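In: Any chance you can model this:
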Amino acid sequence: KLLPKAGPWMDTIKQLFGAMMLAVCAWVLSRVLSPRLMLLVWAVPGAVAAAVLWRGARGIRHLPVLARVAGAAVGAYALLLVAGAGLGGTDPLLPLPAWSAHPRELSFRTIKSVSDLDHEVQRAQASGRPVMLDFYADWCVSCKEMEKFTFTDPRVKQALSGFVLLQADVTANDATDQALMKHFGIVAPPDTLFFGADGAERRDLQLTGPESAGKFVQRVDAVRR
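Out: Take a look at the predicted model:
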């Protein structure tokens, strides 16, 4: 008696799972497509889900109005994604550029090879400054998570004041990029390394993967000790 009876609503559920599979495809494509183009890609599962909810509301006997309201909301979001792509937006959560005024990110100095790194560490050591080296790639989702949520946090910016900030962009994954990652035993980004003011690598503080701003600040503070 408690189990719902089979009916047209089951077809709606099945089709919604299809929209979810399209969303999974969009998530996979986000690793290789530009952020602006991804807004259009994300609009596809949104539009499909909206159409399914609106059309399937007739088969949901008890909550047809709620289903249509949900469908209209999802459809409006899909339209915002399309409009955002046309206006130069890049954030699917805040598709319109006017909504996505993020705090300024950290300013990194780019390096490419092991010799570039050694040169920068020696310069930092001569001035008595610690170093942070961030490994980044355009196809790395977790790298963008760190860039968007951790590196923009005011506490992180304050903790890193006085640091020399270096970034190795390994998007191309060419021989030089691979040699640099192999030098530190890194399989793939994101990975963050720290060097003390004496130029010594603090391997005990190496970060693999993303981390919240609060924990990252504690890690940075430990470099100064």
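
In: Report the buried residues of the helix-or-strand element of the chain with minimal mean pLDDT.
Out: Ranked by mean pLDDT, DSSP states H and E, the weakest helix or strand in the chain is helix 141-145, scoring a mean of 86. By neighbour count with 16 or more other C-beta atoms under 10 Å, helix 141-145 contains the buried residues 142-144. Glycine gets a C-beta too; all of them are placed from N, C-alpha and C.

In: and of the residues you listed, the nearest to residue 122?
Out: Comparing those against residue 122 with C-beta to C-beta places residue 143 closest, at 26.6 Å.

In: Please enumerate the strands of the protein.
Out: For the chain, the strands defined by DSSP state E occupy 109-111, 131-136, 164-169, 191-195, 207-208.

In: who does the helix ranked longest in the chain touch, helix- and strand-wise?
Out: Determined from DSSP state H, the single longest helix within the chain is helix 64-87. Other helices and strands packing on helix 64-87, by 3 or more C-beta pairs under 8 Å, 6 or more residues apart in numbering; DSSP states H and E, are helix 35-56.

In: burial of the nearest residue to residue 65 once chain neighbours are set aside, as a residue count?
Out: Nearest non-adjacent residue to residue 65, counting by C-beta to C-beta, 6 or more residues apart in numbering: residue 57, 7.6 Å away. If you count neighbours by other C-beta atoms under 10 Å, residue 57 ends up with 19.

In: now residue 57: how far from residue 221?
Out: Relative to residue 221, residue 57 is positioned 54 Å away (C-beta to C-beta, to the nearest Å).

In: what sits up against the least confident helix or strand of the chain?
Out: Contact with helix 141-145 is made by 30-31, 135-137, 189-190, 209-210, as judged by C-beta atoms under 8 Å, 6 or more residues apart in numbering.
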